[in-house]
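**Q** With the sequence up front, the predicted model follows.
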Amino acid sequence: MERISPATLKEWLNSDNPPAVVDVRDEDYFGGHIRDAINFPSETFSKDLSKLEEILQKHDRVVFYCQLSQVRGPTCAKKYIINSTSTSQKVYVLNGGFNNWAQTYNGELTDGFIPDLYR
């Protein structure tokens, strides 16, 4: 599982074939999220994994993130890889998580962004 930078994700999101983006934050989801990201909280991640796989099946790339992408994001990405039936899908983790994204893009390509939380 490879880590990608916010710049790479931004480039991919602006491409003709954007990846699916999965935000696994729980209560810390408040304050903004990457545009079009699917919020699939880590607290219930394992229980609803088959549902997520169904949602993501049409994507060839999937990017996971949490607040810092140190624990929840990588853990959920690994669970997804282990339980996925797809053999061609590439799974990535956003380096630095939403904090890095918010500081890099300050609301660009972000929905529900509250800048004061990320200064």
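**A** Sure thing, it's come through.

**Q** Phi first, then psi, for the nearest residue to Ser86 once chain neighbours are set aside.
**A** Nearest non-adjacent residue to Ser86, counting by Cβ to Cβ, 6 or more residues apart in numbering: Gln57, 6.8 Å away. The way it works is simple: take the backbone N, C-alpha and C, and place the C-beta from them, glycine included. Dihedral angles of Gln57 (phi, psi; degrees, to the nearest 10) stand at phi -60, psi -30.

**Q** in stretch 102-117, what counts as buried?
**A** By neighbour count on 16 or more other Cβ atoms under 10 Å, the buried set for stretch 102-117 is Ala102, Tyr105, Leu109, Thr110, Phe113.

**Q** again with stretch 42-51
**A** Buried-residue list, stretch 42-51, by 16+ other Cβ under 10 Å: Ser42, Phe45, Leu49.

**Q** which ones among the residues you listed are found in helices?
**A** Leu49 (DSSP state H).

**Q** from the buried residues of stretch 42-51, which is closest to Ile34?
**A** Ser42 (16.2 Å; Cβ to Cβ).

**Q** May I ask you to confirm that that closest one is in contact with Thr75?
**A** Yes. Using Cβ atoms under 8 Å, Ser42 makes contact with Thr75 at a distance of 7.2 Å.

**Q** Now the element after the biggest helix by length in the chain, going C-ward?
**A** When the chain is parsed with DSSP H, its longest helix is helix 72-83. Using DSSP states H and E, the helix or strand that follows helix 72-83 in sequence is strand 90-94.

**Q** Is the spatially closest residue to Glu108 that is not a sequence neighbour within a helix or a strand, and which one?
**A** For Glu108, ignoring the flanking residues on the chain, the nearest one in space by Cβ to Cβ, 6+ apart is Lys10 at 7.9 Å. Under the criterion DSSP H and E, the helix or strand holding Lys10 is helix 6-13.

**Q** Before I go, just wanted to say thanks for your time.
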